[in-house]
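In: sequence? don't have it. structure:
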């Protein structure tokens with residue numbers, strides 16, 4: 001990873017290119033993020049920077065976090081994330097990372113927490129087919145059906161697709177195009193959809209596949 005930033009998903013809209021073609025975009029309020037801590041191979045075994053996003057009231061911090069921010073002499077932040085960048089020599093504690101770190105035309109990977117759907121059945125969760133509703137199949141049209149074999153192996157195989165908790169997990173969408181950057185307002189317009197609800201925290205970083 002060469003660069004990255006923490007942002008907040010604002011919502012989806014559309015913009016138009018030079019030819020008048022509509023582009024569906026997701027607007028992300030990206031930064032400004034402050035470098036809270038630098039980790040080095042000598043001290044921590046690897047190179048990384050910890051960045052913070054969103055102001056937090058000091059009275060809402062635990063004592064360890066209060067000391068952590070005081071050590072770096074930075075204002076308390078609501079969200080902390082660690083980025084393992086290829087080169088951290090250009091960054092120092094207290095430096096700001098803004099939306100202008102990215103440019104229109106670049107490709108990025110966006111990581112966020114997907115919308116939670118609660119407890120879901122197999123049709124919603126795994127796209128199972130409905131059972132027939134005629135000839136005595138009973139009131140089980142949306143059930144999962146048979147779970148396994150008979151006396152051998154006398155158990156349900158691990159990993160079998162069944163009903164359960166859906167969503168609310170870390171999801172990364174790769175190779176999305178940066179359609180527009182508004183550095184003055186710290187906004188990045190990314191073509192297509194990204195994980196999570198409006199207001200959710202996301203991480204935008206340069207694409208590994210570009």
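Out: Nice, thanks for sending it over. Just so it is clear, the structure is predicted and the values come from calculations on it, not from any experiment.

In: rest of the way, CA atoms for contacts and neighbours
Out: Will do.

In: low-scoring pLDDT stretches of this protein, where are they?
Out: Across the chain, not a single residue meets the criterion (pLDDT under 70).

In: could you pull out the helices for this protein?
Out: Shown for the chain, the helices assigned by DSSP state H span residues 41-44, 63-72, 122-126.

In: who's in contact with the shortest one?
Out: Translated: helix 41-44. Contact with helix 41-44 is made by residue 47, as judged by Cα atoms under 8 Å, 6 or more residues apart in numbering.

In: residue contacts, the residue nearest the centre of the chain?
Out: Centroid-nearest residue in the chain, with Cα atoms, centre = their mean: residue 112, separated by 1.4 Å. Residue 112 makes contact with 170-172, 194-196, 200-203, according to Cα under 8 Å, 6+ apart.

In: pick out the most distant pair among those residues.
Out: When the contacts of residue 112 are compared pair by pair using Cα to Cα, the two farthest from each other are 172 and 200, 13.6 Å apart.

In: contact partners for residue 103?
Out: 178, 180-181.

In: in strands, which of the residues you listed appear?
Out: 178, 180-181 (DSSP state E).

In: ok, and the most crowded of these?
Out: Using other Cα atoms under 10 Å as the neighbour definition, these reach their maximum at residue 181, which records 22 neighbours.

In: how many neighbours does the spatially closest residue to it that is not a sequence neighbour have?
Out: Distance criterion Cα to Cα, 6 or more residues apart in numbering; nearest residue to residue 181, sequence neighbours excluded, is residue 188 at 4.6 Å. Number of residues near residue 188 (other Cα under 10 Å) recorded here: 27.

In: residue 188 pairs with what?
Out: In this structure, residue 188 bridges to residue 28, residue 181 when assessed by DSSP bridges.

In: kindly report the same for residue 79.
Out: On the basis of DSSP bridges, residue 79 is bridged to residue 53.

In: my read is that it contacts residue 53, right?
Out: Yes. Here residue 79 reaches residue 53: they are 5.2 Å apart, a contact under Cα atoms under 8 Å.

In: returning to that earlier point: with distance to residue 43 as extra columns, can I get the contacts of residue 103 in JSON lines?
Out: Rendered in JSON lines, the data for the contacts of residue 103 read as follows (distance: Cα to Cα, whole Å):
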{"residue": "178", "distance to residue 43": "36"}
{"residue": "180", "distance to residue 43": "39"}
{"residue": "181", "distance to residue 43": "36"}
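
In: and those, which is closest to residue 21?
Out: Taking Cα to Cα as the measure, residue 21 lies nearest residue 180 of these, at 14.3 Å.

In: ok, now which ones touch the closest one?
Out: Residue 180 sits in contact with 103-105, 188-190, where contact means Cα under 8 Å, 6+ apart.
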